[in-house]
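In: please find the sequence and the predicted model below.
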There are 2 protein chains.
Amino acid sequence: MKRKPSTEATAAWIRLMRVQSRVLNCVEQDLKKAGFPPLAWYDALLELSRAPAGELRPVELEKQMLLPQYSTSRLIDRLVDEGLAVRRECKIDKRGQFVEITDAGRELQKKMWSAYSAGIEKHVGSKLSDADAIKLCGLLDRLGCCAGGETPSLAAKDGAPAR
Amino acid sequence: MKRKPSTEATAAWIRLMRVQSRVLNCVEQDLKKAGFPPLAWYDALLELSRAPAGELRPVELEKQMLLPQYSTSRLIDRLVDEGLAVRRECKIDKRGQFVEITDAGRELQKKMWSAYSAGIEKHVGSKLSDADAIKLCGLLDRLGCCAGGETPSLAAKDGAPAR
DNA sequence: TCAATATTGATGCATCTGCATTAAATGGGC
DNA sequence: GCCCATTTAATGCAGATGCATCAATATTGA
């Protein structure tokens, strides 16, 4: 069972891990310096703001964000604590609930997008031509799956879901 | 300050985040199921095993692994607790120390590599031709830097440093 | 209808992380 | 030599995460 992956595949793996970690760090750091909460909050707010009535079941959010259940639950706690979202009871399924974004939530999402998009441009956009970005997408997409493989929507018209 | 990054760049960013997170998760999970410790331990053991006398200053390790100082310190604690490494005093600089890998450490590193390499093959190698892996590397390398940009060695002869 | 199973969401607990601070040692300037 | 900034490593503490489990409701199927 030796020598399984080619050197090329291994090198790609290493790059994928290191580059992502660095770039993510840079963007997160920029965001933090600008006084904003973590990217995960942004993602959640974006998903909520896009949802039909600005509300989602935690389960849906969880799937969108590729987060474990308890993690979503706690993220919602924090959003609610900060007044960025509210929990609503779900009449059709009493186990569940809806999480609805508030005006403050929508506002924060928009404000964060300025800083966030600047980060993307600075750490990704400025280093890659559009053509290369497309190539990169294509290659990464091939690595898509393995567990519960959803294929999230391709374009991000106004804000990018990350992670 | 609107519309900064192109849609292409944004899409690439999203893919980079999502794909990495998924692939890493898969590999980590496989490793865990096989009864092994986290990837970070492997990385540390690999760096140590490659170092001249099987020993490194924590500071060096930290740079190799792109980890914060306190994180390295605690990782070393755990390795030492498990008998995979030992701390040695550093005669030439009494603040510092050397961390030396033990035989058990070397052995674990080798064992982990079987499982780890299988994971890389399964989740990366098998989905990409060597040519494409090279292209992917090239594109990712362009995103290289921003903070403290080191360029780690390209090939991984026997074991891959990750993250 | 009722029992067995599955889904939804929260939570206790141990561990891990990030941040700030500390302590010790070094090195440089004077 | 002496003071001060720097480097090296550890740690206390608050907050985050992973895991397992729980409680409540829904669904399935006999």
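Out: All right, it came through fine.

In: which residues touch A:L24?
Out: When contacts are counted by CB atoms under 8 Å, 6 or more residues apart in numbering or on different chains, A:L24 is found next to A:L39, B:M17. All C-beta atoms are positioned from the backbone trio N, CA, C, and that covers glycine.

In: how about the longest helix seen in chain A, does it get close to DNA strand D?
Out: With secondary structure taken from DSSP state H, chain A has its longest helix at helix A:7-33. No: under the criterion of CB under 7 Å from any atom of the strand, DNA strand D is not reached by helix A:7-33; the shortest gap measures 11.3 Å.

In: could you give the mean pLDDT of that helix?
Out: For helix A:7-33, the mean pLDDT works out to 92.

In: which secondary structure elements does the helix or strand that that helix is followed by contact?
Out: Sequence-wise, the next helix or strand downstream of helix A:7-33 (DSSP states H and E) is helix A:39-50. Using 3 or more CB pairs under 8 Å, 6 or more residues apart in numbering or on different chains; DSSP states H and E, the elements in contact with helix A:39-50 are helix A:7-33, strand A:55-56, helix A:58-65, helix A:69-81, strand A:85-89, strand A:97-101, helix A:103-123.

In: the inter-axis angle of helix A:39-50 versus helix A:58-65?
Out: 120 degrees (axes from the mean of the first three to the mean of the last three CA atoms, to 10 degrees).

In: now do the residue of chain A found nearest DNA strand D against A:L140, distance only.
Out: Using CB to the nearest atom of the strand, A:K94 is the residue of chain A that sits closest to DNA strand D, at 3.4 Å. Distance from A:K94 to A:L140, counting by CB to CB, to the nearest Å: 41 Å.

In: now swap in A:M65 and tell me
Out: 18 Å.

In: what residues does chain A put near DNA strand D?
Out: Going by CB under 7 Å from any atom of the strand, the residues of chain A near DNA strand D are A:A40, A:P68, A:Y70, A:S71, A:R74, A:L75, A:R78, A:D93, A:K94, A:R95.

In: would you mind giving me the ChimeraX syntax to select the buried ones in these?
Out: To isolate the buried ones among the residues of chain A next to DNA strand D in ChimeraX, judged by 16 or more other CB atoms under 10 Å in any protein chain shown, type:
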select /A:40,75
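
In: which two from the residues of chain A next to DNA strand D end up farthest apart in space?
Out: A:A40 and A:K94 (28.1 Å; CB to CB).

In: chain neighbours aside, what residue packs nearest to A:A115?
Out: Nearest residue to A:A115, sequence neighbours excluded (CB to CB, 6 or more residues apart in numbering or on different chains): A:A34, at 4.5 Å.

In: so the one you found makes contact with A:S117?
Out: No: using CB atoms under 8 Å, A:A34 makes no contact with A:S117, being 11.9 Å away.

In: in terms of neighbours, single out the busier of those two.
Out: Higher neighbour count among A:A34 and A:S117: A:S117, with 23 against 14, using other CB atoms under 10 Å in any protein chain shown.

In: pLDDT score for the nearest residue to the more buried one once chain neighbours are set aside?
Out: Using CB to CB, 6+ apart and skipping residues adjacent in sequence, the residue nearest A:S117 is B:K4, 4.7 Å away. For B:K4, the model assigns a pLDDT of 76.

In: is it fair to say B:K4 lies in a helix?
Out: No: using DSSP: H, G, I helix; E, B strand; the rest coil, the secondary structure at B:K4 is coil, not a helix.

In: list the contacts of stretch A:101-118.
Out: So stretch A:101-118 is in contact with A:27, A:30-31, A:34, A:36-37, A:39, A:41-42, A:45-46, A:48-49, A:54-55, A:79, A:82-86, A:158-160, B:1-5, B:10, going by CB under 8 Å, 6+ apart.

In: low-confidence ranges in chain A?
Out: Within chain A, the segments meeting pLDDT under 70 span A:1-3, A:145-163.

In: swap in 90 and give it another go.
Out: A:1-7, A:33, A:66, A:144-163 (pLDDT under 90).

In: what does it put close to DNA strand C?
Out: Within chain A, the positions near DNA strand C by CB under 7 Å from any atom of the strand are A:32, A:57-59, A:62, A:69-70, A:73-74, A:76-77, A:87, A:90, A:93, A:95-97.
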